[in-house]
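Asks: Structure, please.
(one chain, ligands or ions: 1)
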Amino acid sequence: MTAKIISGTEIAAQIREELKTAVEELKQRHGVMPGLVTILAGDNPASVSYVTAKQKTAHELGFHSVQDSQPGDISQEKLLCLIEGYNRDPSIHGILVQLPLPGHIDESAVLNAIDPDKDVDGFHPVNVGRLMIGGDQVKFPPCTPAGIQELIVRSGFETSGAEVVVVGRSNIVGKPIANMLLQKARGANATVTVVHTRTKEMERHCRRADILIVAAGVPGLVKPEWIKPGACVIDVGVNRVGEKISEKTGKKIAILKGDVDFEAAREIAGAITPVPGGVGPMTITMLMKNTVRAAQIACG
Ligand code: NAP
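Replies: Numbering: from 1, shown residues only. The predicted structure follows:
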């Protein structure tokens with residue numbers, strides 16, 4: 001069997017088209033453009049490229065988008081003041097602080113200062129709590145897990161009653177996706193197991209999975225014999241394993257590998273996400289979706 005490739009690039013493009021319609025509706029009905037500010041402290045090259053990509057997508061979708069770049073030595077007090085200003089600014093519906101922040105700044109103090117109703121990353125404790133409760137309480141599901149759920153559902157995999165195994169228990173991927181898929185809701189209702197570095201016989205758990213989600217950050221961790229034939233495999237891992245020259249631009253680019261041994265796994269799985277081009281493109285798209293939702297909520 002050769003697995004179907006689940007293209008995050010294609011599914012993200014579909015969702016962006018849907019978002020364009022929602023943005024147009026907000027403009028027509030309420031005269032409102034979704035407003036997104038991305039705050040960057042310092043010039044870490046990876047962070048610069050992430051916020052540039054977020055701003056580019058926001059522009060393409062017709063958002064009011066603001067890039068607020070601050071020096072790396074900005075004081076915590078000044079950063080908190082800036083956030084307070086955006087909390088009060090009615091033209092801004094979503095606030096994103098690019099992580100990691102410089103070492104002298106208390107990251108959780110900054111994230112907790114964002115108004116939970118503008119927290120489009122979904123990391124504020126209030127939104128983490130809302131996600132845990134589920135149902136109508138959920139406003140902003142965190143972007144990577146929300147993207148994973150969309151990939152599974154839009155590829156036609158049934159989650160209800162499915163055995164889902166999640167490898168990894170981080171606050172940004174493993175724990176929230178496990179929580180989302182066990183909710184009593186459409187696109188969920190799964191039986192979920194979470195495995196991590198202290199799990200005994202990890203491969204035995206993985207082999208049971210109808211849907212296997214891997215977010216460990218270990219290249220090639222999941223071997224083909226860990227996969228149930230026909231399973232849906234979502235590889236969240238993004239691991240830089242070297243560099244190469246891009247055929248398109250002639251510039252040096254990173255060679256990326258997922259957490260799953262892709263070439264071998266595709267002979268066993270029913271469907272699998274590639275790296276790159278799987279979960280990655282979904283994350284920014286779900287940030288845009290959360291920003292549109294924040295604007296819709298603000299419009300009542
Ligand atoms: P993280 O915070 O480092 O957490 C990794 C988790 O995997 C931990 O819970 C860890 O277990 C578990 N783990 C690590 N090695 C393991 C092993 N050998 N066996 C079993 N469990 C193991 O990582 P993260 O932030 O969740 O990210 C995971 C991967 O996803 C990374 O490659 C990251 O780059 C990628 N990622 C991609 C996107 C995207 O948009 N595409 C977004 C976020 C993350 P313990 O808790 O026991 O230590």
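Asks: Now residue 196: closest residue in space, sequence neighbours ignored.
Replies: Distances taken as Cβ to Cβ, 6 or more residues apart in numbering place residue 169 nearest to residue 196, at 4.8 Å, with adjacent residues excluded. Quick note: C-beta positions are derived from backbone N, CA and C, even for glycine.
Asks: what sits against the closest residue to residue 199 other than its chain neighbours?
Replies: Spatial nearest neighbour of residue 199, chain neighbours left out: residue 205 (6.8 Å); criterion: Cβ to Cβ, 6+ apart. Neighbour list for residue 205: 165, 193, 195, 199 [criterion: Cβ atoms under 8 Å, 6 or more residues apart in numbering].
Asks: which parts of the protein sit against the ligand?
Replies: Taking Cβ under 6 Å from any ligand atom as the contact definition, the chain meets the ligand at 144, 167-170, 172-174, 195-198, 202, 215-218, 221, 236-239, 279-280, 283.
Asks: which of the residues you listed are buried?
Replies: For the residues of the chain next to the ligand, a burial check counting by 16 or more other Cβ atoms under 10 Å picks out 144, 167-169, 172-174, 195, 202, 215-216, 221, 236-239, 279-280, 283.
Asks: before we move on, the earlier item: part of a helix, is the residue nearest to residue 199?
Replies: Yes - judged by DSSP: H, G, I helix; E, B strand; the rest coil, residue 205 forms part of a helix.
Asks: what's the distance between the helix or strand harbouring residue 233 and the middle of its chain?
Replies: Assigned by DSSP states H and E, residue 233 belongs to strand 232-235. With Cα atoms, centre = their mean, to the nearest Å as the basis, strand 232-235 stands 15 Å off its chain's centre.
Asks: Pull the residues that contact it.
Replies: By Cβ under 8 Å, 6+ apart, strand 232-235 touches 3, 6, 148, 151-152, 155, 157, 210-214, 222, 227, 258-260, 262, 265, 269-275, 278-279.
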